[in-house]
Every structure is written in C-alpha cells, then in structure tokens.
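[1] compute the structure for the input listed below.
(chains A and B)
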Amino acid sequence: AQRVTQPEKLLSVFKGAPVELKCNYSYSGSPELFWYVQYSRQRLQLLLRHISRESIKGFTADLNKGETSFHLKKPFAQEEDSAMYYCALRASSASKIIFGSGTRLSIRP
Amino acid sequence: DTGVSQNPRHKITKRGQNVTFRCDPISEHNRLYWYRQTLGQGPEFLTYFQNEAQLEKSRLLSDRFSAERPKGSFSTLEIQRTEQGDSAMYLCASSFQGANTGELFFGEGSRLTVL
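    Residues are numbered from 1 along each chain as shown, chains lettered A, B, ... in the order given. Sure, this is the predicted structure:
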C-alpha cells in the first residue's frame, strides 16, 4: 500500500534560519514525489516535483530511495514561506496522487 | 478561465439529507479528482475520472457517495443520507494527462457541515 508520512504537524523557525520539512513514503516501486503548498486563503498548489530537480522559491527536495524520503529544504527561511506544506506521491502517471497529513511551517520574524 | 470552480462553497445540512457538489475543471483538462479534507489532515483521495470514465474509487468510500462526470466536463459528487462524519472540505482538482507532470490544479473547495 502507498503511504506518505509527515511526522511534524508544526515547524516553527526564525527568519533566516534553515528549514527542513520531513517526508517519508511507503511504496515498493519507483514513485513520483511532489510537494504542494497552501498559503493562507489560497488554493492548494504544486510547489515542486522530484523529477524536475528544480528549485522553487529557494526550496529543494531530493528523493532518497534508500531512506524512502523526500525532505523539503530551504537554507534561509523567509516570512512569506509560512504556509501548510503537503508531501504527495504518485505510483505512476496513470495513478491517483495521495497526500501526507501536512506540516504547518511558521516563520518567526 | 478562472481555474477550477466548485459550488456551493459552503453547505449546511441536517443528518440524513442528500447533498450534491459540483466541480467545473479547467476547460482543457481531461482528468478530474475528488478529495476530502478534515481538520488537521491532508487531502484524502476519493475518486478520479479521465474524461467521463471513473477510473478509480477509494475503497474507503461509502456507497452513499457517488460521483459522475457525464460529458467529460463538469463533475458532481453526491452524498446520500449524510452523517455527521461526512462533515469536511470536499476538494476538486483537475489536470491534463498529456502534460504528465502530475500537477493538480485545485478548486477552493466545498465545505460541508452536517448537523
């Protein structure tokens, strides 16, 4: 069965500090991993996908198949990064996307 | 096109009543998804369509729930004989299969409160 686990419900860091939001997954094959973000009063939207190996708004995420993890990182947090972050998994291009329970990131000034 | 549209945005109903939600996806998107989200949880997959075909339905989904996408455009999600446990935000999302990016475009959701 596919599962996405985000162990932290809340992560609070000071502005300028590094950020790491943890995500672990359970799937026997080679999944596609995503991070979605929901800013206050906005819709849930895609932040980045592992296959693109891109940095969006200073965030990066590396897929570690050995540890089955896809942690989201940013070296220097900004106040506008405060939001709900959801890790998500897709088994194949024909499959549904399942989400973790989310981590609320709060950046303190 | 203003993106994925969901109606109504809020619905309050009494236990035992039926409710229906509508989702209008982005016009060129052929995939449409329904999710349910309760407080403190991530979106929980309910079902998804490719064009008018319902390709997958969550095994956790009660038979009181039914979804349709009759012409491959808008979709409806009906909940029959609502229960208090059905209170949640119901999210619709759409995507374009051809892009194969896995990017879902979400609506603002329909919040259901069952009294």
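
[2] can you point out the buried residues in stretch B:83-91?
    Residues B:Asp86, B:Ser87, B:Ala88, B:Met89, B:Tyr90, B:Leu91 are the ones in stretch B:83-91 that count as buried (16 or more other C-beta atoms under 10 Å in any protein chain shown). In short, each C-beta sits where N, CA and C put it, glycine included.

[3] setting aside sequence neighbours, what's the nearest residue to the fifth one?
    The reference is to B:Tyr90. Once flanking residues are discounted, B:Tyr90 sits nearest to B:Ser110: 4.7 Å by C-beta to C-beta, 6 or more residues apart in numbering or on different chains.

[4] ok, the one you found - contacts?
    Taking C-beta atoms under 8 Å, 6 or more residues apart in numbering or on different chains as the contact definition, B:Ser110 lies against B:Gln6, B:Asn7, B:Pro8, B:Arg9, B:His10, B:Lys11, B:Phe21, B:Met89, B:Tyr90, B:Cys92.

[5] list just the nearest of these to A:Pro31.
    Distance to A:Pro31 across these (C-beta to C-beta) is lowest for B:Cys92, with 23.3 Å.

[6] whichever residue of chain B sits closest to chain A: neighbour count?
    Closest to chain A within chain B is B:Gly42: 3.8 Å, counting by C-beta to the nearest C-beta. Using other C-beta atoms under 10 Å in any protein chain shown, the number of residues around B:Gly42 comes to 22.

[7] distance check, the closest residue to it other than its chain neighbours against B:Phe74.
    Once flanking residues are discounted, B:Gly42 sits nearest to A:Phe99: 3.8 Å by C-beta to C-beta, 6+ apart. Distance check for A:Phe99 against B:Phe74: by C-beta to C-beta, to the nearest Å, it reads 24 Å.

[8] now B:Gly16
    From B:Gly16 over to B:Phe74 the distance is 27 Å, taken as C-beta to C-beta.

[9] could you do B:Lys11 as well?
    According to C-beta to C-beta, B:Lys11 stands 17 Å off from B:Phe74.

[10] quick check: residues of chain A near chain B?
    Residues of chain A lying close to chain B (C-beta under 8 Å from any C-beta of the partner chain) are A:4, A:6, A:9, A:32, A:34, A:36, A:43-46, A:49, A:86, A:90, A:93-102.

[11] go ahead and confirm A:Pro31 touches A:Ala88.
    No - assessed by C-beta atoms under 8 Å, A:Pro31 is found out of contact with A:Ala88, at 9.7 Å.

[12] comparing A:Phe99 and B:Phe74, which residue is more hemmed in?
    Between A:Phe99 and B:Phe74, counting by other C-beta under 10 Å, A:Phe99 is the more crowded of the two (22 against 16).

[13] contacting residues for that one?
    By C-beta under 8 Å, 6+ apart, A:Phe99 lies in contact with A:Val4, A:Tyr36, A:Tyr86, A:Cys87, A:Ala88, B:Tyr35, B:Gly42, B:Pro43, B:Glu44, B:Phe45.

[14] list the beta-bridge partners for the first one.
    This means A:Val4. Applying DSSP bridges to A:Val4 gives these bridge partners: A:Tyr25.

[15] also the fifth one?
    Beta bridges link A:Ala88 to A:Phe34, A:Phe99, judged by DSSP bridges.
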